[in-house]
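K.L.:
Pasting the sequence and the predicted model now:
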Amino acid sequence: MAREKLALVGIGKIATDQHVPALADSPDWELAATVSRHGTVSGVEAFTDIGDMLAARPGIGTVSLCLPPVPRFAAAQAVLRAGRNLMLEKPPGATLAEVHALHDLARAHGVSIFATWHSRMAHAVGAAKRWLAGRSIHEGRIIWREDVRKWHPGQDWIFEAGGMGVFDPGINALSILTEILPAPVHLTGAELDFPANRQAPIAARLDLSGGISADFDFRQEGPQTWDMEFATDAGLMALRMGGNILEIDGQRAEGQDSIMGEYPALYARMAELVRGVASDMDLSPMVLVADAFTLGRRNIVETFEF
Ligand code: NAP
């Protein structure tokens, strides 16, 4: 079957690291154009304005947005109003209201919209979900600690209002949590640490219903930690390496150390949605983050510079 044409918008770190390689190997998609003020992909037609691309290339039926969350809404609206399918990097927008508005717009235009959560595609997430089904969780603990200078070098937007700070990676943990738990959770308390010179938190500690806690920190040097552990009626279950390794009672049960399968799986899912004229807009990870900003106590901590 011929591959469908897709345009990629915001050619920066994640587009280059993950989207472009995933599209190059995709049986479903052909990267037919890019839109970015500075970034390009070798051999692919490049535009700097999304309106120009949508007008010039009516044959491109799907657009994938890799912009940071704050500048994304206007581009997303333009795509949907032009009757094209839309795929959104995580988090799907800067606010819940704008993402609901995009979902409504997609429905009105009869196109597909997909709020992606790449961490849900990690190797062991499906196995963890199956293992937890029907079990009782007594307690759960998420530890998501990474070095912002290593993973987001110079990305000042991440510490601006709407950039989400440490929730940019933390929402990945919450996307896994909300996928694997047998029942929904909600936030009951939070404490957020804001650097004195920034508008978004550098660390956060969350309490969720069901005895689940989360510890997010952007200041971890040395080994990085993306783990979650659950005490259940059937023993201890742990997901390590960002959802890629499942351990039961300390023994590896499933998984691989690589994250390279996540984006090919997202693009395969997008192809499925487009073929079925369906959408996938689970906003539960973003609700937990929004509630942490609503309910959280604020601490001012040491200033931060990249
Ligand atoms: P990035 O490299 O800083 O930004 C992507 C591109 O967006 C930039 O190269 C820039 O392209 C464009 N852009 C940046 N700010 C803009 C603005 N204010 N207005 C218009 N365009 C702007 O960011 P990223 O790391 O790729 O992250 C993008 C999204 O992917 C975020 O939502 C992030 O959470 C998600 N993500 C990132 C990672 C990661 O490891 N970095 C992993 C998974 C998901 P031009 O200057 O060429 O226009």
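P.N.:
Yep, it's here.
K.L.:
With the ligand in mind, check whether stretch 142-159 reaches it.
P.N.:
Yes - on the criterion C-beta under 6 Å from any ligand atom, stretch 142-159 is in touch with the ligand at 151, 152, 155, 157. Glycine gets a C-beta too; all of them are placed from N, C-alpha and C.
K.L.:
I figured the second one was touching residue 168, is that so?
P.N.:
Yes - between residue 152 and residue 168 there is a contact under C-beta atoms under 8 Å: 7.4 Å.
K.L.:
more crowded one of these two?
P.N.:
Taking other C-beta atoms under 10 Å, residue 152 and residue 168 do not tie; residue 168 has more neighbours (25 against 19).
K.L.:
The closest residue to that one other than its chain neighbours - how many residues pack around it?
P.N.:
Nearest non-adjacent residue to residue 168, counting by C-beta to C-beta, 6 or more residues apart in numbering: residue 158, 5.5 Å away. The tally of other residues near residue 158 (other C-beta under 10 Å) stands at 24.
K.L.:
swap in residue 56?
P.N.:
13.
K.L.:
Contact partners for it?
P.N.:
The contact partners of residue 56, by C-beta atoms under 8 Å, 6 or more residues apart in numbering, come to residue 47.
K.L.:
how close does it get to residue 79?
P.N.:
Going from residue 56 to residue 79 by C-beta to C-beta, to the nearest Å gives 14 Å.
K.L.:
How about residue 203?
P.N.:
Taken as C-beta to C-beta, the span from residue 203 to residue 79 is 35 Å.
K.L.:
okay, the two: which has more neighbours?
P.N.:
Remark: of residue 203 and residue 79, residue 79 carries more neighbours, 31 against 21, as counted by other C-beta under 10 Å.
K.L.:
can you pull the pLDDT of the more buried one?
P.N.:
Looking at residue 79, its pLDDT stands at 98.
K.L.:
Kindly report the same for the one 10 residues further on.
P.N.:
Taken from the predicted model, the pLDDT recorded for residue 89 is 98.
K.L.:
ok, now which ones touch residue 295?
P.N.:
Here residue 295 is in contact with 187, 188, 189, 190 (C-beta under 8 Å, 6+ apart).
K.L.:
and the gap between the residue in the chain positioned nearest to the ligand and residue 118?
P.N.:
Relative to the ligand, the nearest point of the chain is residue 12 (2.3 Å; C-beta to the nearest ligand atom). For residue 12, the distance to residue 118 equals 15 Å [C-beta to C-beta].
K.L.:
Excluding covalently adjacent residues, which one is nearest to the residue of the chain closest to the ligand?
P.N.:
The spatially closest residue to residue 12, leaving aside those adjacent along the chain, is residue 39, at 6.0 Å (C-beta to C-beta, 6+ apart).
K.L.:
And for residue 62?
P.N.:
Using C-beta to C-beta, 6+ apart and skipping the chain neighbours, the partner closest in space to residue 62 is residue 85 (4.2 Å).
K.L.:
count of neighbours near the one you found?
P.N.:
Counted by other C-beta under 10 Å, the residues lying close to residue 85 total 25.
K.L.:
Show me which parts of the helix or strand bottoming out on mean pLDDT in the chain are buried, residue by residue.
P.N.:
Ranking every helix and strand in the chain by mean pLDDT, DSSP states H and E puts strand 251-255 at the bottom, with a mean of 86. By neighbour count on 16 or more other C-beta atoms under 10 Å, the buried set for strand 251-255 is 254, 255.
K.L.:
Tell me how many other residues surround residue 134.
P.N.:
Applying other C-beta under 10 Å, we find 9 residues neighbouring residue 134.
K.L.:
now the residue most central in space within the chain, what's its secondary structure?
P.N.:
The residue lying closest to the centre of the chain (C-alpha atoms, centre = their mean) is residue 90, at 3.0 Å. Secondary structure, DSSP: H, G, I helix; E, B strand; the rest coil: residue 90 is coil.
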